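In: turn this into a model:
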Amino acid sequence: MGNSLSTSFLRRRMLALACASLVLVLVGCPLMQEKDPLATPGKAPANATAPTVQPTPAQLQQQQQAQQAAAEQAANTQARKVQDLISRAESSYNSGVANYNANRLDAARLDFDFAVDTMLSSGMDLKNDPTLSDEFDRLLSAINSLEMVALKQGNGFSPKVEAAPLDAANEVTFAPDPVLVGKVAAEIKTTQSDFPLVVNDYVAGWISYFSNSSSGHAHLKASLERAGKYKDMISRVLRENGVPQDLIYQAVAESGFQPQALNARSGAGGMWQFMPQGNYGLARNGYFDERFDPEKSSIAYAKYMKMLYNQFGDWYLAMAAYDWGPGNVQRVVSRTGYADYWELYRRNALPAETKAYVPGIIAAMIMAKNPAQYGLTDIVPNAPVLSDTVTTMYSIDLRLVGDLTGATVQEIVALNPALLRLATPNDIPYDLHLPPGTKDAYLERLKDIPESNRASWRFHIVKSGETLDEIAATLHAKAAEIAKLNDVTSAQPIEAGDELVVPLAASSAEPGQQHYTTHKGDSLVTVADRFGVTVEQLRKWNRLASNVVAPGKVIYVAEPIRLAPGMRASRRGKTTVAAKGKTRSAVAVPGRKPSTSKKPTVTPPKKPVPTKARPATH
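Out: Below you'll find the model as predicted:
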């Protein structure tokens, strides 16, 4: 019995020692290791890792094939998206060509705008995708070519803008008139101006043109009348930027005070004719173009003119640089040694347009400040453009803006000449101008319309005698939905003066949508119902003789309204252009010349020092 117990004990002892040895082999001796506070009995250390298992060649090949298949699928999906975008843009473009050939230029313009906007608003990378980049460039080039032909024929599908006085005069030459020079010289001695007025044969020649030419006089008169819309605003901007007040008359030469002026040849646009290229602090995208915003473009103009004056130290040279480009003016000053505009003029060192530019503006200044002497006493300035302003970060249809403020869509468009669409952009700040005195009502009424529905819903104030069914029929909504949203019941029916939020189907139209591509089974009746318009309107806008429309036809589903003409001028400006008969290299400056694709660096150097004697008088 005892021997048996001893043997059993010995076996257990040997087994324990063997197990201990095995544990030491597997985990190491505890005395030789640092204590791990996270270690637990029977578990490996936390940082222990399993040995790396290398995939077999077959597995690697399978992984590569899966990655390649995924890449091909993604590429095919992208290619389909690209092709779909191009097809939609081409469809609008082809519709524009058809309207263009039928001399429906307003309709053609809407088609071309929609084609460009379709690509700009797609969210796809037009710049770095070669296919989209080529298509976009081809589209712009084709549209611009048609615009050029239309302009040569005396029309065009850009908004109708009156020619600026200097443009209308073209290359007018003037004979010296010492009598007129003497008369004007006597006048300017008593003329109050913060700009250095001067009279010579060149200025007198323009005064004679504006006085004696019926077209010249009419253009100047119209410009000075339009100036009333913006005079107070521009005066404030010039004062805040330390620029002479009388430089307001530079807008006579640039645009005749027309915010939507567009030079289709060069792409210069707006009241101050800024080029599409160049860093002037003006935003330009597929939704708005601040070159056409009167106040923002005026601020950019004042700052740019101040910079040019600081560079040249002379307002005449600064004006010449604004027209021709600071680099060109700097080079001609260095080449001739004359930092004097009039000496450069006499030496024929300036292009024809710039030779006309400065004296023409000075002539307008002198005549505007002495209206009685020049037959301008019958000018009635237009009323100042006044507005309230709200900054939107949401898309809102301008028709809803009109509803909320009691204005027409045309009035809202006129207050927002920088907008390129009938809706504000989403997630991009935009200063929306409202009729004066309507801001509070706009903001209060807007609270009841969810942000996601502001691009499609409407607002309506009940008129005396109106019924809910009539309102619903007019706006192509459902009476039951209007009643539900506005708590209208049989016990509490609508009354005159009630303000109703009118829900419309969000799918009925995109924000500011102007076009719709018809599908199989569509008729004018179904399209009219979908977009909240009448069949008669569709037939009128699309010049249709019946209610039948073929599938795939792009038709207008909103009344044509003139928006900012920001998408049709030559945007790339890579070639030289003939300006008033003289071909010269392009420069990136505001004014009427085209720009190179890369804007030259403008650094204010020291004032050029002439190497030849400057004349004491002009």
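In: where are the low-confidence patches of the stretch 401-550 of the chain?
Out: 505-513 (pLDDT under 70).
In: what segments of it are helices?
Out: 409-415, 439-446, 468-475, 479-485, 524-531, 535-542 (DSSP state H, counting those that start in this stretch).
In: okay, how far is it across stretch 257-271, tip to tip?
Out: 6 Å (C-alpha to C-alpha, to the nearest Å).
In: any idea which of the helices of the stretch 401-550 of the chain gets closest to Ala70?
Out: helix 524-531 (38.9 Å; C-beta to C-beta). For the C-beta atoms, the positions are set from N, CA and C on the backbone; glycine is no exception.
In: how many neighbours does the residue nearest to Gln273 when sequence neighbours are not counted have?
Out: Closest residue to Gln273 apart from its sequence neighbours, by C-beta to C-beta, 6 or more residues apart in numbering: Glu254 at 4.5 Å. Residue neighbour count, defined by other C-beta atoms under 10 Å, stands at 29 for Glu254.
In: now Glu254: how far from Ala321?
Out: 14 Å (C-beta to C-beta, to the nearest Å).
In: show me what contacts the residue nearest the centre of the chain?
Out: By C-alpha atoms, centre = their mean, the mean C-alpha position of the chain lies nearest to Asp289, the distance being 2.3 Å. Contact partners of Asp289, counting by C-beta atoms under 8 Å, 6 or more residues apart in numbering, are Gly269, Gly270, Leu282, Ala283, Ala418, Leu420, Ala564, Gly566.
In: partners of it in the sheet?
Out: Arg284 (DSSP bridges).
In: so where's this structure uncertain?
Out: 1-52, 106, 121, 144-145, 147-173, 505-513, 559-562, 566-618.
In: longest single helix anywhere in it?
Out: helix 57-101 (DSSP state H).
In: so the residue nearest to Gln273 is in contact with Phe274, correct?
Out: No. If you go by C-beta atoms under 8 Å, Glu254 and Phe274 don't touch, sitting 9.4 Å apart.
In: which one is Val82 nearest to, not counting chain neighbours?
Out: Thr131 (5.5 Å).
In: so what's the residue count around that neighbour?
Out: When neighbours are counted by other C-beta under 10 Å, Thr131 comes out with 14.
In: so it belongs to a helix, correct?
Out: Yes. Counting by DSSP: H, G, I helix; E, B strand; the rest coil, Thr131 is found in a helix.
In: give me phi/psi at Thr392?
Out: phi -100, psi 150 (degrees, to the nearest 10).
In: I'd say the residue nearest to Val82 and Leu85 touch.
Out: No. The criterion here is C-beta under 8 Å, and Thr131 misses it with Leu85 at 9.6 Å.
In: that older thread, okay, the residue nearest to Val82 and Ser122: tell me how far apart.
Out: 13 Å.
In: what of Arg421?
Out: Arg421 is 14 Å from Ser122, by C-beta to C-beta.
In: neighbour count: those two, which is higher?
Out: Arg421 (23 against 17).
In: all strands of the chain, in order?
Out: Here the chain has its strands, by DSSP state E, at 388-392, 430-434, 458-461, 499-502, 515-517, 554-556, 577-579, 582-584.
In: and the first one, which residues are buried?
Out: Pointing back at strand 388-392 there. For strand 388-392, a neighbour-count test (16 or more other C-beta atoms under 10 Å) marks Asp388, Val390, Thr392 as buried.
In: in terms of contact, does the last one touch Tyr430 like I think?
Out: Yes. Counting by C-beta under 8 Å, Tyr430 is a contact partner of Thr392 at 5.2 Å.
In: find residues that contact each of these two.
Out: Common neighbours of Thr392 and Tyr430 (C-beta under 8 Å, 6+ apart) are Thr424.
In: coming back round to it: how about the contacts of Asp289 in a markdown table, adding distance to Leu468 and neighbour count?
Out: As requested, the contacts of Asp289 are exported to a markdown table (distance: C-beta to C-beta, whole Å; neighbours: other C-beta atoms under 10 Å):
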| residue | distance to Leu468 | neighbour count |
| --- | --- | --- |
| Gly269 | 46 | 30 |
| Gly270 | 45 | 32 |
| Leu282 | 46 | 22 |
| Ala283 | 43 | 15 |
| Ala418 | 38 | 27 |
| Leu420 | 36 | 23 |
| Ala564 | 38 | 25 |
| Gly566 | 41 | 27 |
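In: among the residues you listed, which one sits closest to Asp293?
Out: Out of those, the member with the shortest distance to Asp293 (by C-beta to C-beta) is Ala418, at 4.0 Å.
In: now the closest one: closest residue in space, sequence neighbours ignored.
Out: Using C-beta to C-beta, 6+ apart, the closest residue to Ala418 is Asp293 (4.0 Å).
In: report the separation between the nearest residue to Gly437 once chain neighbours are set aside and Lys231.
Out: In this structure, Gly437 finds its nearest non-sequential neighbour in Asp388, 6.9 Å apart by C-beta to C-beta, 6+ apart. As judged by C-beta to C-beta, Asp388 and Lys231 stand 20 Å apart.
In: specify the stretch among the helices of the stretch 401-550 of the chain that is closest to Pro351.
Out: Of these, nearest to Pro351 by C-beta to C-beta is helix 409-415, at 35.6 Å.
In: what's around Lys400, how many residues?
Out: Quick fix: residue 400 is Leu, not Lys. Quick note: Leu400 (other C-beta under 10 Å) scores 26 neighbours.
In: surely it touches Phe459?
Out: Yes. At 6.2 Å, Leu400 counts as touching Phe459 under the criterion of C-beta under 8 Å.
In: any shared contact partners between the two?
Out: Ile449.
In: please report how far the nearest residue to Ile555 once chain neighbours are set aside lies from Ala318.
Out: If the residues on either side of it in the chain are set aside, Ile555 comes closest to Asn542, at 4.8 Å by C-beta to C-beta, 6+ apart. From Asn542 across to Ala318, the span is 50 Å (C-beta to C-beta).
In: who's more crowded, the two?
Out: For the pair Asn542 and Ala318, the greater number of neighbours falls to Ala318 (24 against 19), based on other C-beta under 10 Å.
In: state the distance from that one to Arg346.
Out: 19 Å.
In: likewise for His515?
Out: Distance from His515 to Arg346, by C-beta to C-beta: 56 Å.
In: those two - which one has more neighbours?
Out: Shown here are His515 and Arg346; by other C-beta under 10 Å, His515 has more neighbours (21 against 16).
In: close enough to count as contact, that one and Ile555?
Out: Yes. His515 lies in contact with Ile555 (C-beta under 8 Å); the separation is 6.9 Å.
In: which neighbours do those two have in common?
Out: Counting by C-beta under 8 Å, 6+ apart, nothing touches both His515 and Ile555.
In: show me the contacts for Glu495.
Out: Val462.
In: now it: phi and psi?
Out: Residue torsions, per degrees, to the nearest 10, at Glu495 are phi -130, psi 160.
In: likewise Asn348?
Out: Dihedral angles for Asn348 - degrees, to the nearest 10 - are phi 60, psi 40.
In: what number of residues lie near it?
Out: 9.
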